[in-house]
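Trainee: Structure for the following, please:
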Amino acid sequence: MLIRCIVLTAVSALNILAQEPPRTEIELSATARKIAIAVPPAQVVNLINDQVQREYAETLRRDLDVIGTLALLRNDLPSSISSDSFSLWAELGCDWLLVSKLSQTNRDGVAVEAIVYDVKSGKRVTSITKNGNTSTYKRLAHMVADAFEEFLTGTPGVANSRIIYCKEDAPGVKEIYQADRDGTNIIKLTNHKTLTMSPSVTRDGRLAYLSYLPMPSIWGQKVPGGPHVKLYQPSDRQYNVYTPVWSPDGSRIAFVQTDGKGNADIMLIEVATNRIKRLTNMDGLNSEICWNPAGNRIAFLSDRSGNPQIYIMDDDGTNVRMLGIGGTYNSSPAWSPDGSMIAFVSRFEDNFDLFVYKLGDQSSYQINTGFTNSESPAWSPDSRQIIFSSTREGRNRLYVTDLSGNRVERVLDQTGCQQPVWVRSH
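Mentor: Residues are numbered from 1 along each chain as shown. Next up is the predicted model:
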């Protein structure tokens, strides 16, 4: 009963099969030379478990390996990291060394100092210090990688981030899960034992979602770390609700409500007061909501023109306009955190492919992942990557791509995963 299914049944077969106008495929790839970097084994001060030392270094290498501006060296590396050995590193083409020093500050405390050396000059470029404990050493590696990417680009990386998603546990049963960016540390967030889906997360970590308990209702948290409570359920049982999405400031939730007559409209609830406002009011289907980062505009899917297309309106429902994307079937808008782009799914050459619409020059570009079925795109917190769901390997799995589509990776081994949301860790 997902709203996507409602939209599909409402669109005529003639529209679905209509010939689409030609569209240009453009790769958004960087051509600059990558910085060659190596991560030698971490140095140890005091007593630290060998596993901590080993897994910290490997986690850091994995995190750095996905940074597009870096080329990570792994094989046939010199055993020494003294300044006298820098010429050997330079012969391998290494530009920088990232050397970590792990120290145990007390029984459970761990401190890390990561120093970046310019191999050619032999000088220290920068240093990064982080503190944690023996149970969070992998997170320390994530934090170092993010700080290093911020040093490189001015924007923190996303190694220390979380992915929230829904997963099918059994036929007719879906629950909300979260995992670290690297697919580890999987935690089940709900246990309603029914259809529970469409997660949305505020900047302070509060969750909202849809759950059939026993009928479609909006559930979530009113305070960070608080209990999961029912936030909204229609008083008229012929109405259904779908896809709750938090506003960026966490004060409102936009959602879709059907009227039992084949129409679906976008509504807004103020969580503190339970005050409801209708943003669209017309025959047809309006669904698949996303906010811009400022919280004053909403992008959404509507079939008001005859075909599913993406529209933008102000957060009070005024100033509605259709994006000039082209094509006859566009859906699943996702606004980038930096506000400059909207990712979406479009039917292109009989496939459902990922596209990015650049608001500045009002043009769209295909992300050439090579996948023939992509859905539910969501942005990384730094606006550099997109996570999406695909049935490329059978049942739905989650994948991450850069904006060129040249680097695509599967995030989780789990199947039956959909509707991802990507947020920074707190």
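
Trainee: hey, let's count contacts and neighbours off CA atoms from now on
Mentor: Fine.

Trainee: Return the distance of stretch 190-210 from the chain's centre.
Mentor: The chain centre lies 15 Å from the centre of stretch 190-210; the measure is Cα atoms, centre = their mean, to the nearest Å.

Trainee: likewise stretch 65-78?
Mentor: 24 Å.

Trainee: Likewise for stretch 285-301?
Mentor: The answer for stretch 285-301 is 17 Å, by Cα atoms, centre = their mean.

Trainee: Now tell me what touches it from outside.
Mentor: Applying Cα atoms under 8 Å, 6 or more residues apart in numbering, the contact partners of stretch 285-301 are 3-4, 7, 243, 245, 247-249, 254-256, 262-266, 280, 302-304, 308-315, 330-339.

Trainee: What average pLDDT does it get?
Mentor: Average pLDDT, stretch 285-301: 96.

Trainee: Would you mark the buried spots in it?
Mentor: Neighbour counts over stretch 285-301 (16 or more other Cα atoms under 10 Å) mark 285-293, 295, 297-301 as buried.

Trainee: That stretch: end-to-end distance?
Mentor: Length of stretch 285-301, first residue to last, Cα to Cα, to the nearest Å: 8 Å.

Trainee: try stretch 378-386
Mentor: Length of stretch 378-386, first residue to last, Cα to Cα: 6 Å.

Trainee: How is this protein partitioned into domains?
Mentor: Structural domains annotated on the chain: 35-153, 162-424, as defined by automatic domain parsing.

Trainee: Out of the ones you listed, which is the most enclosed?
Mentor: Most buried of the domains of the chain, by mean neighbour count (mean count of other Cα atoms under 10 Å): domain 162-424, with a mean of 19.

Trainee: Off-centre distance for that domain?
Mentor: 11 Å.

Trainee: cool, stretch 108-126 as well?
Mentor: Distance, centroid of stretch 108-126 to centroid of chain: 30 Å (Cα atoms, centre = their mean).

Trainee: worst average pLDDT in the domains of the chain?
Mentor: domain 35-153 (a mean of 88).

Trainee: Quick one: end-to-end length of it, please.
Mentor: Termini of domain 35-153 sit 12 Å apart (Cα to Cα).

Trainee: how about Val144, secondary structure?
Mentor: Here Val144 is recorded as helix under DSSP: H, G, I helix; E, B strand; the rest coil.

Trainee: Oops, could you answer that again for Ala57 instead?
Mentor: Using three-state DSSP, the structure places Ala57 in helix.

Trainee: Quick one: residues contacting it.
Mentor: By Cα under 8 Å, 6+ apart, Ala57 lies in contact with 39-42, 141.

Trainee: what's the closest of the residues you listed to Arg384?
Mentor: Ala141 (20.2 Å; Cα to Cα).

Trainee: Is it correct that the closest one falls within a strand?
Mentor: No: read with three-state DSSP, Ala141 is helix and lies in no strand.

Trainee: Quick one: residues contacting it.
Mentor: Contacts of Ala141 by Cα under 8 Å, 6+ apart are 56-57, 59-60.

Trainee: Pipe the residues you listed into TSV and attach distance to Val345 per row.
Mentor: As requested, those are exported to TSV (distance: Cα to Cα, whole Å):
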residue	distance to Val345
Tyr56	37
Ala57	37
Thr59	32
Leu60	33
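
Trainee: May I ask which two of the buried residues of stretch 285-301 are separated the most?
Mentor: Among the buried residues of stretch 285-301, Leu285 and Pro293 lie farthest apart (Cα to Cα), at 24.4 Å.

Trainee: Which ones among the buried residues of stretch 285-301 lie within strands?
Mentor: Applying DSSP state E to the buried residues of stretch 285-301, the entries found in strands are 286-291, 297-301.

Trainee: Just give me the closest of those to Lys193.
Mentor: The closest of these, once distances to Lys193 are taken by Cα to Cα, is Glu288, at 24.5 Å.

Trainee: all helices for the stretch 51-200 of the chain, in order.
Mentor: 86-91, 137-153 (DSSP state H, counting those that start in this stretch).

Trainee: I'd like to know which of those lies nearest to Arg107.
Mentor: Using Cα to Cα, the nearest of the helices of the stretch 51-200 of the chain to Arg107 is helix 137-153, at 13.8 Å.

Trainee: Which two of the contacts of Ala57 have the greatest separation?
Mentor: Applying Cα to Cα across these, the maximum distance is between Pro40 and Ala141, 13.5 Å.

Trainee: ok, for Leu73, nearest residue in space, not its chain neighbours?
Mentor: Spatial nearest neighbour of Leu73, excluding adjacent residues (Cα to Cα, 6 or more residues apart in numbering): Ala38 at 5.1 Å.
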